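*Asks:* whatever this is, show me its structure:
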Amino acid sequence: LALLARWRATAHGVEPEFWRSLGREFATGRQWLDRAVVLSYAAATGLVVVGFTLLAEAASHGFEQLRTTGTWGVWLMLAWTPALTVTLLWWTRRFAPGAVGSGIPQVVRALDDDLDRHQLSWLVSMRLSLHKMVLVSGGLLAGLSIGREGPTVQVGAGVMVHARRWLSPRSDLDAHDLMVAGAAAGIAAAFNTPLGGIVFALE
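*Replies:* Numbering: from 1, shown residues only. Model (predicted):
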């Protein structure tokens, strides 16, 4: 009843400031668009991380299948692992040198304010995230002793920072904020610890 009485009072102009505030909020349509962009990229980051997880698990399963194929599976690994490893190393140095490393130190470095735009994209970007997913999965398929936890942080940051190009110039969100959000999402997804992602973002 109290809410109904408040609504009636507002409707009759007793509290016109409410309507002015509401009008200003809807008048800033670009802010609502920015919020929609951020939410869309947040959902996309989650989907990419899940896809990365499934791809990495499929690669590990594929290696085990190759290794246990008949009596010659073990001998096949003597050629398969070095050949695929050299190919992945060449691909990394040729097309994605920023993908070298576990991923977390690269994101921490990208958060420094002294980096220019080129250096930032060299460490964290959508393109680099896609390369990182393929390279890590390829390494698991080769039987290398690597994990997806650190790379997931770099992948999440790269996907989320891509949202900056669609935000308005007056948006309060910058690349730093987006990278922190994406990296925190990667931490939470990789280690199944939502609070860990929050702590990472705070740090």
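*Asks:* tell me the spacing between Asp174 and Leu120.
*Replies:* To Leu120, Asp174 is 11 Å away according to Cβ to Cβ, to the nearest Å. In short, each C-beta sits where N, CA and C put it, glycine included.
*Asks:* how about Glu203, what does it touch?
*Replies:* With contacts defined as Cβ atoms under 8 Å, 6 or more residues apart in numbering, Glu203 has no neighbours.
*Asks:* so for whichever strand or helix holds Leu54, what gets flagged as buried?
*Replies:* Per DSSP states H and E, Leu54 falls inside helix 29-67. Residues of helix 29-67 classed as buried by neighbour count (16 or more other Cβ atoms under 10 Å): 31, 34, 37-38, 41-42, 45-46, 48-49, 52, 55-56, 59, 63, 66.
*Asks:* before we move on, what about stretch 77-92?
*Replies:* Trp80, Thr81, Leu84, Leu88, Thr92.
*Asks:* who touches stretch 67-86?
*Replies:* Leu66, Gly138, Gly139, Leu141, Ala142, Gly143, Leu144.
*Asks:* secondary structure class of Asp112, three-state.
*Replies:* coil (DSSP: H, G, I helix; E, B strand; the rest coil).
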